[in-house]
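Enquirer: For reference, the sequence and a predicted model appear below.
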Amino acid sequence: MSFLNWPIEQQDFNRKSWRHRKYVATDLLKHFQRAFPSVTYNLLWSSPTINAQAWISGVAKNVTIYGGLARHPGLTRSGLALAIAHETGHHLGGCPLDPEIRWMTWQGQADYWAARTGIPRVFGSRAFNMTLRGARQVLELHRYLSTLMDGDEPDLSDECRYHIFLAGASNAEIPSCAKIEFRKCFNRDYPET
């Protein structure tokens, strides 16, 4: 675990795999930068942390992808793209905002925006299949990371996140599980759009 209690990678990679994964991550960030120029994307390749983060500095919107996530063996290009889209969704996903971190779109809405808007804007006609592949990978990664987080409960269950991704990719309404989990976490109703 890192100093922020984030999990770190436990696997060594050979040079060829290392170079390929770095190329994939860098290429994805270039695509996202072109699609969403109001956000600055960073790759902290040398970090073993298995995470990604949306953050602000003044009015500047930033997304950082850590090397441990980019190198995670359970993620392909599709899974990493969905993770980047999710972090972008924290900036651009709209309401509901996280009641505790007021500038940031709530987790479930960031997932929904990622599948409905983020991935389609970057990948066009390939978006639906990429989102489905990525959602399965993110679900498995979420399950794995939940076992390492030592009681740090996520806002959303694995299954609910998966249903949110599917709803977004299908242009359907956000599923009721998201509304229920939002209410459970924050003791308030999910805002109607």
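Expert: Everything's here; your move.
Enquirer: tell me which residues in the worst-scoring helix or strand of the chain on mean pLDDT are buried?
Expert: Ranked by mean pLDDT, DSSP states H and E, the weakest helix or strand in the chain is helix 176-186, scoring a mean of 86. Residues 177-179, 181-182, 185 are the ones in helix 176-186 that count as buried (16 or more other Cβ atoms under 10 Å). No exception for glycine: its C-beta is placed from N, CA and C like everyone else's.
Enquirer: That one packs against which elements?
Expert: helix 107-113, helix 158-169 (3 or more Cβ pairs under 8 Å, 6 or more residues apart in numbering; DSSP states H and E).
Enquirer: Determine which stretch of the ones you listed is the most buried.
Expert: When those are scored by mean count of other Cβ atoms under 10 Å, the highest mean neighbour count falls to helix 107-113 (a mean of 26).
Enquirer: Contacts for it, please.
Expert: Identification of contacts with helix 107-113 by Cβ atoms under 8 Å, 6 or more residues apart in numbering yields 54, 85-90, 92-96, 98, 105, 154-156, 160-161, 164-165, 167-168, 174, 178, 181-182.
Enquirer: ok, now with 6 Å
Expert: Here helix 107-113 makes contact (Cβ atoms under 6 Å, 6 or more residues apart in numbering) with 86, 89-90, 93, 96, 155-156, 161, 164-165, 168, 174, 178.
Enquirer: the inter-axis angle of the least confident helix or strand of the chain versus helix 158-169?
Expert: Interaxial angle, helix 176-186 versus helix 158-169 (axes from the mean of the first three to the mean of the last three Cα atoms, to 10 degrees): 130 degrees.
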